[in-house]
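Novice: Next come a sequence and a model predicted from it.
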Amino acid sequence: MGLGWHIEKTGEYKINLPILSDDEIEAIKHMANMFKEVTKYKELDNPDKAKKELKNLLIKFCDKEGIVIDKEQENYLTQMAFYNIYGFAGMEEILKDEEIEEIGIIGLGKPVYVFVRKQGWKKTNLYYDELDFTINLINKMSRSIGRRITYKNPRLNAVLPDGSRMHASIPPISNVEVTIRKFKENPMTVFDLLNYHTISEEAMALLWFLMQADISILITGNTASGKTTTMNSIFSFVPLNERILITEETPEINIPHKHVVKLVANQELDISLSPLVADSLRMRPDRVIVGEVRNTEEVHALMDTILSGQARGSYATFHAQSSKETLSRLRSLGVLEIDLPSIDIIVIQRRMMKYNVKTRKSEEIRRIVEIVEVDKNNPGKTTPLFIYDYEKDSWKADYQNSEILKRLSLSLGVPQKEMENEIKTRTEFLKKNIKKKWNFETAVNEIQKFAYGLSLD
């Protein structure tokens, strides 16, 4: 028997790990047994300490068995033993690649697949072979939030230590399935979204004001369209001195604010979003984020926090491909028609394939295709503020005569004409700085200094 996972020679995406011989596999198994004995007597919660201990165990094993290995073999056997015993069985090599957006285990004895940015799905040379080993791997990856997958509870949603989101299932639901949605180590900034042409500078400037005012926003779109990424990035427009309350089922909201309270639902303890939202009424937040809402209970939790009027704005992500579909799905999940206008703004973001007939190549793009205001006088209807032109790959502004400018003016105490001029000023600020190589912290600081005279320090 092997280790429970292995590397092969072939693959469209190759992980740079060695193919082990039978003798090397046996050596790692012996190291695993010795490592278990060592950890009975001392804590090894530090990866560097664990790796050092494994190297010592390898040297002891080789001395005992009379095996001679060179320095290179000592290094890669220690590394492979570390991945196998302490780490994520080779998954680390994929997780550290910034160009990877998604990772998929689709069954035992099958290659792991990765979605490479601008290239699509590729087959790797990494394989998982044994059920018990893979279940242990899933539980090891979800350990940071205290969740486990078992035969009695064969589904799991979790977050990895690097912030990546994981869904997993085991028999009888699946052969073995793991899907990991990777998030960048450095969160994307609003300037990144502009550079990727996800949105126009003028539309982003309007969102800036919407995030500053007493406005609730729902970001909707299809799977992997970048809804959470957009949510995280536009929260850099919210003044840093505000108190933010986040309620989620799986932690993935990553905003720059220091004064943040996070409440996480827990299926195992039968704690859902609804009671957490009820608890939030006693916490005096300035803003409330309800994470991703998907079912009737979660939608009701979102509506409860909006209708209670407890914060300056409430925010969430949702699955739908247009504003019309968003309202229709909300109604089907139990939202009353009369309550729909309490959601002030709907932002639609879509993941699409763009095909070039001349080059015969497809490219995946993400675009914010609608920013609409929910009509206060006609529940179920919307007024467009920005609409995406699919043919020209550009946006048409249609907010100048909208009710939202009047609401922004009243909310912020800024005359409407001055508000329009400020949107132009912020549009120019975004255009001026779009090409600067700012990290997330620097971008947030520049935005906050420009608008509010604040900084992260």
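Specialist: Nice, thanks for sending it over.
Novice: from here on, contacts and neighbour counts on C-alpha atoms
Specialist: Will do.
Novice: can you confirm Met188 is in a strand?
Specialist: No - secondary structure of Met188 (DSSP: H, G, I helix; E, B strand; the rest coil): coil, not part of a strand.
Novice: what's the distance between it and Val288?
Specialist: Per Cα to Cα, to the nearest Å, Met188 is found 21 Å from Val288.
Novice: likewise Ile447?
Specialist: 21 Å.
Novice: the more surrounded of the two?
Specialist: Val288 (27 against 22; other Cα atoms under 10 Å).
Novice: pLDDT value on that one, please?
Specialist: Predicted confidence (pLDDT) at Val288: the value is 92.
Novice: and it, helix, strand or coil?
Specialist: State at Val288, reduced to three classes by three-state DSSP: strand.
Novice: Count the residues that sit near Ile434.
Specialist: 17.
Novice: Residue numbering should commence at 715 henceforth.
Specialist: Okay, using 715 as the starting number, the last item reads as Ile1148.
Novice: Find the residue closest to it in space, skipping its chain neighbours.
Specialist: Closest residue to Ile1148 apart from its sequence neighbours, by Cα to Cα, 6 or more residues apart in numbering: Phe905 at 5.2 Å.
Novice: which SSE is the one you found in?
Specialist: helix 904-909 (DSSP states H and E).
Novice: which residues in the protein form helices?
Specialist: Under the criterion DSSP state H, the chain contains helices at 736-755, 761-779, 785-799, 805-809, 845-855, 904-909, 915-926, 941-948, 987-994, 1010-1021, 1037-1046, 1117-1126, 1130-1147, 1154-1166.
Novice: Check which residues of the first one are buried.
Specialist: Of all the residues in helix 736-755, those buried under the rule 16 or more other Cα atoms under 10 Å are Ile739, Ala741, Ile742, Lys743, Met745, Ala746, Phe749.
Novice: How is the protein divided into domains?
Specialist: 719-895, 904-1166 (automatic domain parsing).
Novice: hey, least reliable of these by pLDDT?
Specialist: Comparing mean pLDDT across the domains of the chain, the weakest is domain 719-895, with a mean of 86.
Novice: could the helices of the chain be laid out in JSON lines, adding distance to Ile884?
Specialist: Output for the helices of the chain, formatted as JSON lines (distance: least, Cα to Cα, whole Å):
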{"stretch": "helix 736-755", "distance to Ile884": "25"}
{"stretch": "helix 761-779", "distance to Ile884": "28"}
{"stretch": "helix 785-799", "distance to Ile884": "20"}
{"stretch": "helix 805-809", "distance to Ile884": "18"}
{"stretch": "helix 845-855", "distance to Ile884": "8"}
{"stretch": "helix 904-909", "distance to Ile884": "36"}
{"stretch": "helix 915-926", "distance to Ile884": "41"}
{"stretch": "helix 941-948", "distance to Ile884": "27"}
{"stretch": "helix 987-994", "distance to Ile884": "25"}
{"stretch": "helix 1010-1021", "distance to Ile884": "25"}
{"stretch": "helix 1037-1046", "distance to Ile884": "30"}
{"stretch": "helix 1117-1126", "distance to Ile884": "48"}
{"stretch": "helix 1130-1147", "distance to Ile884": "47"}
{"stretch": "helix 1154-1166", "distance to Ile884": "37"}
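Novice: Glu962 and Val975: what is the separation?
Specialist: Distance from Glu962 to Val975, counting by Cα to Cα: 11 Å.
Novice: now do Pro1129
Specialist: Taking Cα to Cα, one finds Pro1129 at 34 Å from Val975.
Novice: before we move on, what about Thr934?
Specialist: According to Cα to Cα, Thr934 stands 24 Å off from Val975.
Novice: If you count surrounding residues, which of the two has more?
Specialist: For Thr934 and Val975, the more surrounded residue by other Cα under 10 Å is Thr934, and the numbers stand at 29 against 14.
Novice: these two touch, right, that one and Lys1038?
Specialist: No - at 11.1 Å, Thr934 and Lys1038 do not qualify as touching, with contact defined as Cα atoms under 8 Å.
Novice: Which residue, other than its chain neighbours, is closest to Ile1020?
Specialist: Once flanking residues are discounted, Ile1020 sits nearest to Ser1028: 6.0 Å by Cα to Cα, 6+ apart.
Novice: can I assume the one you found is in contact with Ser930?
Specialist: Yes - at 4.7 Å, Ser1028 and Ser930 qualify as touching, with contact defined as Cα under 8 Å.
Novice: the more surrounded of these two?
Specialist: Ser1028 (27 against 22).
Novice: and that one, how far is that from Val873?
Specialist: Taking Cα to Cα, one finds Ser1028 at 23 Å from Val873.
Novice: what do you get for Ile1059?
Specialist: Ile1059 sits 29 Å away from Val873, going by Cα to Cα.
Novice: quick one, what contacts Leu977?
Specialist: Shown in contact with Leu977 (Cα atoms under 8 Å, 6 or more residues apart in numbering): Leu959, Ile960, Thr961, Glu962, Leu990.
Novice: As CSV, these with neighbour count would be great.
Specialist: Listed next are the contacts of Leu977 as CSV, based on neighbours: other Cα atoms under 10 Å:
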residue, neighbour count
Leu959, 22
Ile960, 25
Thr961, 26
Glu962, 23
Leu990, 19
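Novice: which one among those gets closest to Trp719?
Specialist: Nearest to Trp719, judged by Cα to Cα, of those is Glu962 at 33.0 Å.
Novice: so how far is Val873 from that closest one?
Specialist: Glu962 is 12 Å from Val873, where distance means Cα to Cα.
Novice: so what's Val1086 closest to, chain neighbours aside?
Specialist: Val1086 sits nearest to Pro1098 (Cα to Cα, 6+ apart), 4.3 Å away.
Novice: Tell me, how many residues neighbour the one you found?
Specialist: Number of residues near Pro1098 (other Cα under 10 Å) recorded here: 19.
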